[in-house]
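Enquirer: Prediction below, plus the sequence it came from.
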Amino acid sequence: MTKTHCQSGTKLHYIWIEMRQRCQNPNHPRYELYGDRGIKVCEEWQSFEPFYSWAIENGYNEGLSIDRMNNDGNYESNNCRWANQSTQMGNTRRTKKIEYKGRIQSLAEWARELGLNYYTLRSRLRNGWDAKRMFETPMEGRKYYARHKCNSNR
């Protein structure tokens, strides 16, 4: 008698199937972004049961998706985590990471942490500003000018 995992049709089982297809099936629409780049699924996760155990032990829930911390690394327990969409979007190959005060984060993460306007920071980055200047130069804009204009008329 064959033992089954009773997970067919669940989101977690679908994640496992898609992860393997992206890396192993040249006909998969996203194969060029994974398998073609040499990204593999570790031997242990070729079977669903070990993947399932890792997922449950590492905080899987239906609102999260699997994320490779090193985008050039494989799908394996020491390179994967469960992440929300915001974290996923900040961890793509296109996301520029910026070092500031000894820490490295995406521009969006710095904007949230420092309470700065993301679009102003993005413009400054595109104009070649270094991190110190980009984050420490006061933000100026319509609200800034309106506030100072009103104060100077008094």
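Expert: Right, received. Where do you want to start?

Enquirer: Buried residues of the strand or helix carrying residue 98, list them for me.
Expert: Per DSSP states H and E, residue 98 falls inside strand 97-100. Neighbour-count burial for strand 97-100, with 16 or more other C-beta atoms under 10 Å as criterion, is recorded at 98, 100. In short, each C-beta sits where N, CA and C put it, glycine included.

Enquirer: Parallel or antiparallel, list what pairs with it.
Expert: According to DSSP bridges, strand 97-100 forms sheet pairs with strand 103-106 (antiparallel).

Enquirer: So what's the gap between the partner strand and the chain middle?
Expert: Offset of strand 103-106 from its chain centre (C-alpha atoms, centre = their mean, to the nearest Å): 12 Å.

Enquirer: What average pLDDT does that strand get?
Expert: In this model, strand 103-106 has a mean pLDDT of 87.

Enquirer: Quick one: residues in contact with it.
Expert: Outside strand 103-106, the residues that touch it by C-beta atoms under 8 Å, 6 or more residues apart in numbering are 90, 91, 95, 96, 97, 98, 113.

Enquirer: which residues of the protein fall in strands?
Expert: 65-68, 80-83, 97-100, 103-106 (DSSP state E).

Enquirer: care to break this structure down by domain?
Expert: 1-93, 96-154 (automatic domain parsing).

Enquirer: looking at those domains, which one has the lowest mean pLDDT?
Expert: When the domains of the chain are ranked by mean pLDDT, domain 96-154 comes last with a mean of 80.

Enquirer: that older thread, Throw the strands of the chain into CSV and include distance to residue 52, thanks.
Expert: Listed next are the strands of the chain as CSV, based on distance: least, C-beta to C-beta, whole Å:
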stretch, distance to residue 52
strand 65-68, 12
strand 80-83, 13
strand 97-100, 32
strand 103-106, 31
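
Enquirer: of all those, which lies closest to residue 58?
Expert: The closest of these to residue 58 is strand 80-83. By C-beta to C-beta, the value is 6.3 Å.
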